[in-house]
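[1] here's a sequence, model it:
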Amino acid sequence: MSIYIGNLSYQVTEDDLKLAFAEYGTVNRVQLPTDRETGRPRGFAFVEMESDAQEAAAIEALDGAEWMGRDLKVNKAKPREERSPSRGGSWGNNNRSNRRY
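    Purely as a prediction, here's the structure:
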């Protein structure tokens with residue numbers, strides 16, 4: 001099981017998350033996705049803890065809590081959905097500059 005944490009401050013670090021969630025048990029892993037272009041955190045993260053009971057305690061305590069000036073959204077992470085292929089292929093095939101008028 002994994003925990004989703006949303007509405008995070010863009011200044012938050014993996015170490016900040018480890019410290020905050022360690023109050024509720026052993027943190028096994030923290031994922032803090034970043035924007036590909038800017039390298040800046042995207043405002044959400046995932047935390048995996050040692051047991052479901054620890055994760056449930058963290059969710060109960062932190063969902064809606066104010067942290068670093070933001071109200072956190074904390075819940076069980078949902079499985080990632082498969083994305084359907086985009087219509088029209090790559091950007092180059094759909095770009096208006098490639099069209100003839």
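[2] nearest residue to G69 other than its sequence neighbours?
    Distances taken as CB to CB, 6 or more residues apart in numbering put S9 closest to G69, at 6.2 Å, once the chain neighbours are dropped. The way it works is simple: take the backbone N, C-alpha and C, and place the C-beta from them, glycine included.
[3] now the strands for the chain?
    Using DSSP state E, the strands of the chain run over 3-6, 27-31, 44-49, 66-67, 70-71, 73-76.
[4] contacts for the fifth one, please.
    In this structure, residues lying in contact with strand 70-71 by CB atoms under 8 Å, 6 or more residues apart in numbering are N7, L8, S9, G64, A65.
[5] take those and lay them out in CSV including pLDDT and neighbour count.
    Below are these laid out as CSV (pLDDT from 0 to 100; neighbours: other CB atoms under 10 Å):
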residue, pLDDT, neighbour count
N7, 98, 13
L8, 97, 20
S9, 95, 14
G64, 97, 10
A65, 97, 11
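[6] find the pair from those residues with maximum spatial separation.
    S9 and G64 (15.5 Å; CB to CB).
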